[in-house]
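> coordinates only, no sequence provided:
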């Protein structure tokens, strides 16, 4: 497994020499995961930041009633982890799990610190990544708050048809703050 | 009006000489806003990033039914803007408005680019800011998805009593994805 996706993604923000790129990539591990395999466990120290080269990961928590609720998806070229827990080196609030068989590059917290200190251009890269991630989450609030619970799923399906085809509907429902039961109910209503 | 809050906040991530700090601060404008005054308009180019030295700002949009919905608050030491629109220099999806009389430092997009190019340590500062902002928004999804609509407001009030005292309840309801009517209804129920 190679690191081409990560290299191409890093090259989008700054230019790097071949030597620099080889050095940067050496800070990462590259691993394949099977569908449903867990990459991060809730209540364990969050020591890794993940980049998806291929496949799809989800981040979720289990609520008091035992239902799992998805707070983020990451498909190709997205980063994912419990970033606050990673930053503070504290226990994760979330699980990270493969939705599909996935190829992932990961970096530990200490390697991340070293990488940023040694290659300041990577600060620019990650600053841009988090700007986009934070901005996207604001748009997600706008999205969730723009629709009634009843319309939300269908609006999302119409706007992101490829994503909806790829990810199981019960996970999408969870991502939109709907229970699987509620989703079944509104789909039944829609048909009748 | 001085820039002490911003300087103190910047000093939390890296050390800077007096000369560097003076230079950095020269990229910013410092301004006071009255309660309800608008700092950013939806559908206008988003050219400014705001730092709150004193007071409280909110960012919101107006939905198809004419209701305003809050996607973010910023109190002292927080940054706020439509960051995706700022990054892309496109039209803002949101309004930014003062909830209280506020003192704010702002930077334009071109100054922001110059600042980051000239002072790479500011990349570290902003990378950390957005890490925290993105992580906090994931926790907000966790929060919203952990409670029933009926319990959400009261859970939030119990957990952040000072914040709830400071911000009008209809804005908090909006921030939590509840309509003012729904909030009145659940408060009436709770009393009866």
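Looks like it arrived, so ask away. It should be emphasised that the depicted structure is a prediction, and the values quoted were computed from it without experimental measurement.
> dead centre of chain A: give me the residue that sits there.
residue A:74 (3.1 Å; C-alpha atoms, centre = their mean).
> excluding chain neighbours, what is closest to that residue?
Distance criterion C-beta to C-beta, 6 or more residues apart in numbering or on different chains; nearest residue to residue A:74, sequence neighbours excluded, is residue A:80 at 3.7 Å. C-beta here means a position set from N, CA and C on the backbone, and glycine is covered the same way.
> which residues does that neighbour contact?
Taking C-beta atoms under 8 Å, 6 or more residues apart in numbering or on different chains as the criterion, residue A:80 is in contact with A:49-50, A:52, A:57, A:59, A:72, A:74, A:96.
> try 7 Å
By C-beta atoms under 7 Å, 6 or more residues apart in numbering or on different chains, the contact set of residue A:80 is A:50, A:57, A:59, A:72, A:74, A:96.
> ditto for residue A:62
Counting by C-beta under 7 Å, 6+ apart, residue A:62 makes contact with residue A:68.
> who's it bridged to?
Residue A:62 has the following beta-bridge partners by DSSP bridges: residue A:68.
> quick check: the gap between residue A:136 and chain B.
Look at residue A:136 and chain B: by C-beta to the nearest C-beta, to the nearest Å, they are 7 Å apart.
> which SS state does that residue fall under?
Three-state call for residue A:136 (DSSP: H, G, I helix; E, B strand; the rest coil): helix.
> show me where chain A has strands.
Listed in chain order, the strands found in chain A under DSSP state E are A:29-33, A:38-40, A:48-54, A:57-62, A:68-74, A:79-80, A:95-98, A:102-108.
> how about those strands, which one is nearest residue B:180?
For residue B:180, the closest of those is strand A:68-74, at 26.0 Å, according to C-beta to C-beta.
> what is the neighbour count of residue A:24?
Other residues within reach of residue A:24 by the criterion other C-beta atoms under 10 Å in any protein chain shown amount to 21.
> now for the contacts of residue A:80: which two are most distant?
A:50 and A:72 (11.1 Å).
> residue A:122 reaches residue A:114, doesn't it?
No - proximity of residue A:122 to residue A:114 does not meet the contact threshold set by C-beta atoms under 7 Å, at 10.3 Å.
> between these two, which has more neighbouring residues?
Neighbour tally, residue A:122 and residue A:114, criterion other C-beta under 10 Å: the higher count belongs to residue A:122, 22 against 13.
> roughly how far does that one sit from chain B?
From residue A:122 to chain B the distance is 9 Å (C-beta to the nearest C-beta).
> who are the contact partners of the nearest residue to residue A:114 once chain neighbours are set aside?
Nearest non-adjacent residue to residue A:114, counting by C-beta to C-beta, 6+ apart: residue A:27, 6.8 Å away. Contact analysis of residue A:27 by C-beta under 7 Å, 6+ apart lists A:107, A:111, A:114-115.
> please apply the same query to residue A:31.
By C-beta under 7 Å, 6+ apart, the residues touching residue A:31 are A:104, A:106.
> switch to 10 Å and redo it
Under the criterion of C-beta atoms under 10 Å, 6 or more residues apart in numbering or on different chains, the neighbours of residue A:31 are A:1, A:37, A:39, A:50, A:102-106.
> sorry, back to before: of all the strands of chain A, which one is nearest residue B:33?
Here strand A:68-74 is closest among the strands of chain A (C-beta to C-beta), at 33.2 Å.
> which non-adjacent residue is nearest residue A:156?
The nearest residue in space to residue A:156 (C-beta to C-beta, 6+ apart) is residue A:176, at 6.1 Å.
> what number of residues lie near that neighbour?
Count around residue A:176 with other C-beta under 10 Å applied: 19.
> for it, give me phi and psi.
phi -90, psi 0 (degrees, to the nearest 10).
> show me what contacts it?
Shown in contact with residue A:176 (C-beta under 10 Å, 6+ apart): A:70, A:140, A:143-144, A:147, A:149, A:152-153, A:155-156, A:183, B:145.
> give me that answer again for 8 Å
By C-beta under 8 Å, 6+ apart, residue A:176 lies in contact with A:144, A:152-153, A:156.
> return the residues of chain A in contact with chain B.
Applying C-beta under 8 Å from any C-beta of the partner chain, we find that chain A lies next to chain B at A:59, A:61, A:63-64, A:69, A:71-72, A:82-85, A:87, A:93-94, A:116, A:120, A:123-124, A:126-128, A:130-142, A:144-146, A:174, A:177.
> show me what contacts residue A:112?
Residue A:112 neighbours (C-beta under 8 Å, 6+ apart): A:27, A:49.
> picking that back up, okay, and which of the residues of chain A next to chain B map to helices?
A:83-85, A:87, A:116, A:123-124, A:126-128, A:130-142, A:144-146, A:174 (DSSP state H).
> buried subset of these, written for ChimeraX?
Buried subset of those, written as a ChimeraX selection, criterion 16 or more other C-beta atoms under 10 Å in any protein chain shown:
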select /A:83,84,85,87,116,123,124,126,127,128,130,131,132,133,134,135,137,138,139,140,141,142,144,145,174
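> chain center to the helix or strand of chain A with the lowest mean pLDDT: distance?
Least confident element among the helices and strands of chain A, by mean pLDDT, DSSP states H and E: helix A:180-191 (a mean of 83). Distance, stretch centre to chain centre, for helix A:180-191: 27 Å (C-alpha atoms, centre = their mean, to the nearest Å).
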